[in-house]
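Trainee: this one's structure only:
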């Protein structure tokens, strides 16, 4: 799919990751402030890893409060923990700038560090 519809060099990027909020029906009774997000909702952080060509879900992690950063929540997904066995040496995940830039996790528009390069 990637070779036919975009840049052939990107064909090994077989997965895409992103975080989203799952709003809770009611305010939690314990530690409610940790679930209160920047959009004034009580919510959970959900990390989804999908196959971009057909949008099938390959991995999902849910349970952290939405106040937890996407990069931290992503560390607890199977994809992040077992990336060597799941992706091998030739494949990688596409992710946005909230995620760590790793050889197996490509962040196309990450700002360079101050003084780098």
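Mentor: Structure received. Computed from a predicted model, the values in this text were never measured in an experiment.
Trainee: buried residues in the longest strand seen in the chain?
Mentor: Looking across the chain with DSSP state E, the single longest strand is strand 13-23. Going by neighbour count (16 or more other Cβ atoms under 10 Å), the buried part of strand 13-23 is 13-19, 21. Where you see a C-beta, it was placed from the backbone N, CA and C, and this is true even at glycine.
Trainee: that one packs against which elements?
Mentor: strand 43-50, helix 70-74, strand 92-94 (3 or more Cβ pairs under 8 Å, 6 or more residues apart in numbering; DSSP states H and E).
Trainee: and the residue located most distally from the centre of the chain, what element?
Mentor: Here the chain reaches farthest from its C-alpha mean at residue 29, the gap being 28.3 Å by Cα atoms, centre = their mean. Under the criterion DSSP states H and E, no helix or strand holds residue 29.
Trainee: identify the residues contacting it.
Mentor: Contacts for residue 29 (Cβ atoms under 8 Å, 6 or more residues apart in numbering) come out as none.
Trainee: and it, backbone torsions?
Mentor: With angles defined as degrees, to the nearest 10, residue 29 shows backbone torsions of phi -80, psi -20.
Trainee: and it, how far from residue 42?
Mentor: 11 Å (Cβ to Cβ, to the nearest Å).
Trainee: residue 51 too?
Mentor: Counting by Cβ to Cβ, the gap from residue 51 to residue 42 is 31 Å.
Trainee: repeat for residue 85
Mentor: Noted for residue 85: a distance of 36 Å to residue 42, by Cβ to Cβ.
Trainee: neighbour-wise, which of the two wins?
Mentor: Neighbour count, other Cβ atoms under 10 Å: between residue 85 and residue 42, residue 42 has more, with 19 against 8.
Trainee: ok, the more buried one - contacts?
Mentor: 23-24, 26-28, 32, 35-36.
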